[in-house]
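Student: How does the following fold in three dimensions:
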Amino acid sequence: MRRPAGQRRIPRPVRRQREPFLMLPVSLLQNPGWRILNLSARRVLDRIVVEHLNHVGIKNGELPVTYQNFVDHGVDRHAIKQALTDLTALGFIKITRPGRSGNADFRQPTLYELTICHTISELSGQQVPATHAWRRVATLDDAKLRLQNARTPNQPHPKSHPTTSQGPTSKPSVHDTVRNEQHSHGSKPPRRHLNGSGQGHITARLRPHQPPGRPPHGRL
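Tutor: Below you'll find the predicted structure:
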């Protein structure tokens, strides 16, 4: 069919190759847990989403992301651990396998799961609906409480210690008794005498207690 004379030809739209994308529901954007996330946690979550899209959405639950991947995405290395703790506490991600550091033979990255996306069952190969664990956070106070509990380390219960540590009670010796009397009465040091068997005994020279202001007997 010919076009009428003078009618311009309408160019057809160029078909472009579609790239992977992820749809976010409005309820997620309005969720208190989402609104309380800091910049580091948002970037960490974005990097996990990028890994999910790079695998065409079929590896959720087995998304390997290393610390260096987060750093390359603009996250400070010292803020990664805290961001992962916050995202897990608020229900946006789930760690399916903890990572392990070491040499090349034993090193393995941490595997993540996005709770806003479905997973694939290893047994049946069927899609498993998303858990949407973030929906459990209903209020802003609840979100703050979850973050506070997640950021507070578990403190060990204090052990009960006795107020005073005393060893086994024993009867004070003669030396201790005489020494105490010396300090209390200001007497001279005791003398040690040896008897015929070679054993000694202590004789203390004690002065009688004098009232203050009165000289001893025989002195004026």
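Student: what pairs with Ile93 across the strands?
Tutor: Leu114 (DSSP bridges).
Student: Go through stretch 104-117 and flag the buried ones.
Tutor: Pro109, Thr110, Leu111, Tyr112, Glu113, Leu114, Thr115, Ile116, Cys117 (16 or more other Cβ atoms under 10 Å). Every C-beta, even on glycine, is put in place using the N, C-alpha and C of the backbone.
Student: now the residues you listed as JSON lines including distance to Phe70 and pLDDT?
Tutor: Shown next, in JSON lines, are the buried residues of stretch 104-117 (distance: Cβ to Cβ, whole Å; pLDDT from 0 to 100):
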{"residue": "Pro109", "distance to Phe70": "11", "pLDDT": "90"}
{"residue": "Thr110", "distance to Phe70": "10", "pLDDT": "94"}
{"residue": "Leu111", "distance to Phe70": "14", "pLDDT": "95"}
{"residue": "Tyr112", "distance to Phe70": "11", "pLDDT": "96"}
{"residue": "Glu113", "distance to Phe70": "17", "pLDDT": "96"}
{"residue": "Leu114", "distance to Phe70": "15", "pLDDT": "96"}
{"residue": "Thr115", "distance to Phe70": "19", "pLDDT": "96"}
{"residue": "Ile116", "distance to Phe70": "19", "pLDDT": "94"}
{"residue": "Cys117", "distance to Phe70": "19", "pLDDT": "93"}
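Student: Show me which pair in the residues you listed is furthest apart.
Tutor: Within the buried residues of stretch 104-117, Pro109 and Ile116 form the most distant pair, 21.1 Å apart (Cβ to Cβ).
Student: Looking at the chain, which helix is longest?
Tutor: Longest helix of the chain, by residue count under DSSP state H: helix 39-54.
Student: List the buried residues in it.
Tutor: Across helix 39-54, burial judged by 16+ other Cβ under 10 Å covers Ser40, Ala41, Arg43, Val44, Leu45, Arg47, Ile48, Val49, Glu51, His52.
Student: So which residues of the chain form strands?
Tutor: With DSSP state E, the ranges of strands along the chain come out as 63-65, 93-97, 110-114, 119-120, 127-128, 191-194, 200-203.
Student: Check which helices and strands the first one sits against.
Tutor: Counting contacts by 3 or more Cβ pairs under 8 Å, 6 or more residues apart in numbering; DSSP states H and E, the secondary-structure elements packed against strand 63-65 are helix 39-54, strand 110-114.
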